[in-house]
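K.L.:
one predicted model, sequence on top.
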Amino acid sequence: MVVDEANSNYYTKGSEEIATETALTLRKLEKRNKLTRNSKRLVIALVGLPARGKSFVSRKLETFLNWSGVKCRIFNVGKYRRQAYALISKESNRDRGQAGSCDANFFDAKNKEAAALRERVAKIALDDMLKWLDGD
C-alpha cells in the first residue's frame, strides 16, 4: 500500500496546531486560573428533560476521559434524589414499587416538602462535587 506523505502528515500536523498556545488561549487560561483553585479540573453539567440521554452521554464521556488519562467523576443528582427518597419512603413505610421512584406529585412546585428535599439533595451533590474539585 502506498501512503501519500502529504496525507499521512495531516493528522500529526493538526494535533500540533491544536496544542500551540496562543495569546487568546493564555488569556482564557489566566482568567480560569483566577476563578478556580485548581484549574486542572473541569465541570461539565448536563441538564434537560427526563429520558433524553444525559446519563448515557455522561457515562460515555467519563469512560473516554478516564481512558485518556483525565480523572473524572459523575455526580448524578437524580441518583442522590432516588436514594434520599427511598430512605424517606422506608422510614414512613410508603411502598413505591421501585426503590426511590417518585411520582409526579414529587415534582409538583406546590409540594413544599418535596421541593425542600430536592433542594437539599442538589446541595449535597454540589458539595460532593466541590470536595472532589478541591482534591479531597
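P.N.:
Sure, I can see it.
K.L.:
so, low pLDDT: which residues of this protein?
P.N.:
Scanning the chain for pLDDT under 70 picks out the ranges 1-20, 32, 35-40, 92-101, 136.
K.L.:
biggest helix in it by residues?
P.N.:
helix 112-133 (DSSP state H).
K.L.:
give me the contact list for that one.
P.N.:
36-38, 41, 43, 73, 75-77, 80-81, 84-85, 88, 102, 105-109 (C-beta atoms under 8 Å, 6 or more residues apart in numbering). (C-beta placed from N, C-alpha, C; glycine too.)
K.L.:
which of the residues you listed fall in helices?
P.N.:
Among the contacts of helix 112-133, the ones falling in helices (DSSP H) are 77, 80-81, 84-85, 88.
K.L.:
turn those into CSV, including distance to Glu30 and neighbour count.
P.N.:
CSV is the format used below for the ones in helices among the contacts of helix 112-133 (distance: C-beta to C-beta, whole Å; neighbours: other C-beta atoms under 10 Å):
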residue, distance to Glu30, neighbour count
Val77, 32, 17
Tyr80, 34, 19
Arg81, 38, 21
Ala84, 40, 16
Tyr85, 43, 21
Ile88, 46, 14
